[in-house]
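Provide a 3D model corresponding to the input given below.
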Amino acid sequence: MKETLARNIGRYRKERGFTQEELAQKLGLSFQAVSKWENAQSMPDIALLPALSQTLQVSIEKLLGYLSYDKPVTVYEEKYRTPEYIWGTEPNEACFRVLQLMPPTRHVKLLDIGCGEGKDAVFFARNGYDVTAFDITDAGIEKTKRLAEQAGVNVNVLKADVLDFRLDSHFDVLFSSGVLHYIKPELRDEIFGNYKRFTRPNGLHVLNAFVHKPFIAPPPENETNAYLWRSGELPGHYEDWYLYESSEVVFDCNSSGVPHQHAMTKLIARNMAV
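Model (predicted):
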């Protein structure tokens, strides 16, 4: 818990635009105290948590690393409650590129970022990958577990918010489809720095992100916590990796029952570090 709290204090302090000294002044402390918190050398006194929470504009539960929401943070919490798998159970075509570029001829650890109902995570597990997957929706997590059980495979599924989740162990493959637009622009450098730092040498990132195009209308869901990427922004995080693919596509969608279009960047990159 100490390391999680340390990381979160630093993260939310920076989000609010405070220096360590400014945060300390608001709490009536020395900046050395805040520095020790963020370096996990000490923890705030429990009596300080309400003031710290109010100053950083984040709940105590979230500071401590627990998810707690008064209302769903995505429209898919409700959509996933249907017995049907709204995205189907066939894997994304990008899954086959993972099989091609890093087949599980050895122990390969794979992380599915925002697994939804689990179709891709279960596909990877069926093919021999050691799969961890997370999603923010309880309904999606339950569907992922159910699909894995039906397939007779193990997927380590956990509940996490893509805004808060950070890697602290290494993976060979990071996979994500239709999720990265929930990452606020100001957090992308830090989050992708973490993803890259905890990817093993020769590891893969297979990702896509919705991008803004002035000729495409906003999607009917109109999610207030969605932030489209700019063209070229996603590959810009991988200038020091080898790019197998960096392309943009426009495609039709009917996920909400209203026909519409999306523009998407697709990226496949390999960590060439030795």
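
from now on I want contacts and neighbour counts done on CA atoms only, so please keep to that.
OK.

and the closest residue in space to Asp161 that isn't next to it in sequence, what pLDDT?
Of all residues not flanking Asp161 in the chain, Ile136 sits nearest, at 5.3 Å (CA to CA, 6 or more residues apart in numbering). What the model reports for Ile136 is a pLDDT of 92.

just Glu248 next, same as before
Listed pLDDT for Glu248 reads 96.

got a list of what it touches?
Ala263, Met264, Thr265, Lys266 (CA atoms under 8 Å, 6 or more residues apart in numbering).

Three-state assignment for it, please.
strand (DSSP: H, G, I helix; E, B strand; the rest coil).

now it: how far from Asn208?
Going from Glu248 to Asn208 by CA to CA, to the nearest Å gives 9 Å.

who touches both of those two?
Met264, Thr265, Lys266.

Glu77 versus the first one, what's the distance?
Computed as CA to CA, the Met264 to Glu77 distance reads 23 Å.

neighbour count: those two, which is higher?
Met264 (22 against 17; other CA atoms under 10 Å).

convert stretch 239-258 to CSV, retaining C-alpha atoms only.
Presented in CSV, the C-alpha positions along stretch 239-258 are these (Å, rounded to 0.1, in the frame of the first residue of the first chain):
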residue,chain,number,x,y,z
GLU,A,239,10.0,6.7,-32.0
ASP,A,240,12.6,4.6,-30.2
TRP,A,241,10.9,1.2,-31.1
TYR,A,242,10.6,-0.7,-34.3
LEU,A,243,7.2,-0.1,-36.0
TYR,A,244,5.7,-3.0,-37.9
GLU,A,245,2.5,-1.0,-38.5
SER,A,246,1.4,2.6,-38.0
SER,A,247,-1.8,3.1,-40.0
GLU,A,248,-5.1,4.9,-39.9
VAL,A,249,-8.5,3.5,-41.0
VAL,A,250,-12.0,4.9,-41.1
PHE,A,251,-14.7,2.3,-40.5
ASP,A,252,-18.5,2.0,-40.0
CYS,A,253,-19.9,1.1,-36.6
ASN,A,254,-23.4,0.4,-35.2
SER,A,255,-22.5,-0.4,-31.6
SER,A,256,-25.1,2.0,-30.2
GLY,A,257,-27.8,1.1,-32.7
VAL,A,258,-27.2,4.3,-34.6
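
many thanks, I have nothing further to ask.
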